[in-house]
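1. Sharing a model prediction with you, sequence too.
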Amino acid sequence: MDAGSAHASSNMKPQSRCPLQEQFMQRRNSRENLDRFIPNRSAMDFDYAHYMLTEGRKGQENPAVSSPSKEAYQKLLAETLNMNRTRILAFKNKPPTPVELIPHELTSAQPAKPTKPRRYIPQTSERTLDAPDLVDDYYLNLLDWGSSNILSIALGNTVYLWNASDSSTSELVTIDEENGPVTSVSWAPDGRHIAVGLNNSEVQLWDSSDNRLLRTLRGGHRSRVGSLAWNNHILTTGGMDGQIVNNDVRVRSHIVETYRGHTLEVCGLKWSASGQQLASGGNDNILHIWDRSMASSNSPTQWLHRLEEHTAAVKALAWCPFQGNLLASGGGGGDRTIKFWNTHTGACLNSLDTGSQVCALLWNKNERELLSSHGFTHNQLTLWKYPSMVKVAELTGHTSRVLFMAQSPDGCTVASAAGDETLRFWNVFGVPEVAKPAPKANPEPFAHLNRIR
């Protein structure tokens with residue numbers, strides 16, 4: 001049923017009333033169906049009630065017969081025999097005195113649990129840097145933030161390094177015109193070495209401490225390398241040829257495994273935190289989950305799951321930091337959805353239509369939140385609460401699609417780069433929590449003595 005007919009049927013529902021509901025309302029409004037109050041007979045004195053109904057009103061009906069002395073005698077007699085009661089029927093006994101199971105002194109001594117204050121999320125970027133010649137290509141990955149707090153960004157044929165500690169900028173390398181432009185960058189886990197993917201199908205490994213080229217990986221792809229992902233000493237590369245290659249950067253023959261499953265360009269690659277599963281997204285609208293236990297060096301590895309629910313290119317991928325088998329994926333302009341997957345079973349847990357192209361995804365490391373960057377029409381960053389997917393905030397400022405996002409090592413700041421050739425920094429995930437000092441270990445007995453006599 002289309003949306004219009006569903007809307008029309010929902011508007012007709014209030015016109016037809018449920019019979020049970022209508023009957024229930026009649027019973028409540030009818031005076032003939034009021035509740036009956038059943039008296040508590042054990043709390044009533046029937047002899048006194050009979051006296052009050054028969055003999056008790058004779059003095060009021062014949063006031064001439066009574067005298068002042070007789071009225072005083074009857075009043076004294078009524079007080080002595082407890083006959084000054086006015087109620088005839090009793091409907092309940094007097095409730096018993098409540099017993100305190102926990103002494104009041106103990107409950108009042110406990111302090112109230114403090115409520116966590118709501119985090120303030122700035123709606124504007126805290127810093128904006130120029131990014132001229134940034135290639136406006138959805139399928140590339142030109143931004144990464146390393147563990148040493150240095151951000152790398154590829155602008156045309158040049159890779160620049162921006163040190164977040166002192167805001168200094170340096171140039172890592174400029175590629176020749178015949179080999180460029182740079183199509184992907186990715187920091188190794190040590191925060192010192194960086195991989196640079198090129199348009200000519202090669203991948204260069206650089207030492208950022210002294211701007212030294214260590215080696216060039218060749219032979220893995222036939223066209224540009226648009227996606228990179230590290231898993232310890234394994235560098236995984238994805239190319240426009242649809243191939244995924246695992247490269248062991250320690251050995252001369254670096255190609256150790258090949259994954260074949262995509263028919264078009266591989267534009268998204270992400271290893272799980274455990275290093276056991278790899279997620280790959282392609283321009284063929286396919287999301288694959290690969291498992292290291294199924295890897296083979298002799299023949300192409302078979303995927304663990306082939307997920308075909310997206311209807312556009314799958315570039316945005318993010319593994320959940322608090323649930324190892326939970327993966328979020330985002331679809332391109334023809335799909336516009338964020339989907340959540342159980343990578344053990346391959347089941348789609350949830351799907352949300354965001355209304356615009358999903359370019360990148362990042363999880364909050366400290367809260368159950370997900371950040372997404374988008375294209376037309378608002379070119380915004382959207383923060384979602386997980387798992388309800390309630391929109392927490394929208395961050396605007398870019399005037400073109402927000403193609404790339406990277407997260408600072410402390411997990412609090414996000415850098416975004418867009419087709420408007422700007423690089424913006426957002427304090428979206430809050431201030432890092434101060435780590436509690438570790439408790440001091442108990443010293444060994446008599447550790448302060450050199451010997452025991």
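-> It's in.

2. Can you list the residue ranges for strands in the stretch 251-400 of the chain?
-> Assigned by DSSP state E, counting those that start in this stretch, the stretch 251-400 of the chain shows strands spanning 255-260, 266-271, 277-282, 287-291, 305-307, 314-319, 326-331, 337-342, 347-353, 358-363, 369-374, 381-385, 390-395.

3. Switch these over to JSON lines; also include mean neighbour count.
-> Using the backbone N, CA and C atoms, a C-beta is placed for each residue, glycine as well. Output for the strands of the stretch 251-400 of the chain, formatted as JSON lines (neighbours: other CB atoms under 10 Å):
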{"stretch": "strand 255-260", "mean neighbour count": "18"}
{"stretch": "strand 266-271", "mean neighbour count": "25"}
{"stretch": "strand 277-282", "mean neighbour count": "26"}
{"stretch": "strand 287-291", "mean neighbour count": "22"}
{"stretch": "strand 305-307", "mean neighbour count": "18"}
{"stretch": "strand 314-319", "mean neighbour count": "25"}
{"stretch": "strand 326-331", "mean neighbour count": "26"}
{"stretch": "strand 337-342", "mean neighbour count": "20"}
{"stretch": "strand 347-353", "mean neighbour count": "14"}
{"stretch": "strand 358-363", "mean neighbour count": "25"}
{"stretch": "strand 369-374", "mean neighbour count": "24"}
{"stretch": "strand 381-385", "mean neighbour count": "21"}
{"stretch": "strand 390-395", "mean neighbour count": "15"}
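
4. could those go into a markdown table alongside distance to residue 211?
-> Listed next are the strands of the stretch 251-400 of the chain as a markdown table, based on distance: least, CB to CB, whole Å:
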| stretch | distance to residue 211 |
| --- | --- |
| strand 255-260 | 27 |
| strand 266-271 | 26 |
| strand 277-282 | 30 |
| strand 287-291 | 34 |
| strand 305-307 | 41 |
| strand 314-319 | 30 |
| strand 326-331 | 34 |
| strand 337-342 | 38 |
| strand 347-353 | 43 |
| strand 358-363 | 28 |
| strand 369-374 | 30 |
| strand 381-385 | 32 |
| strand 390-395 | 34 |
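
5. To residue 188, which of those strands lies closest?
-> Of all these, it is strand 266-271 that lies closest to residue 188, at 12.4 Å by CB to CB.

6. With residue 411 as the reference, name the closest of the strands of the stretch 251-400 of the chain.
-> Of all these, strand 358-363 comes closest under CB to CB, at 8.9 Å.

7. which residues touch the closest one?
-> 138, 315-321, 328-332, 335-338, 369-375, 401-405, 407, 414, 416 (CB atoms under 8 Å, 6 or more residues apart in numbering).

8. If we use 6 Å, what do you get?
-> For strand 358-363, contacts defined as CB atoms under 6 Å, 6 or more residues apart in numbering pick out 316, 318, 320-321, 328, 330-331, 338, 370-373, 402-403, 405, 407.

9. Same list (the strands of the stretch 251-400 of the chain) but as a markdown table, adding distance to residue 119 and mean pLDDT.
-> Output for these, formatted as a markdown table (distance: least, CB to CB, whole Å; pLDDT from 0 to 100):
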| stretch | distance to residue 119 | mean pLDDT |
| --- | --- | --- |
| strand 255-260 | 40 | 94 |
| strand 266-271 | 26 | 98 |
| strand 277-282 | 29 | 98 |
| strand 287-291 | 32 | 97 |
| strand 305-307 | 33 | 97 |
| strand 314-319 | 20 | 98 |
| strand 326-331 | 21 | 98 |
| strand 337-342 | 22 | 98 |
| strand 347-353 | 22 | 98 |
| strand 358-363 | 16 | 98 |
| strand 369-374 | 10 | 98 |
| strand 381-385 | 10 | 98 |
| strand 390-395 | 9 | 96 |
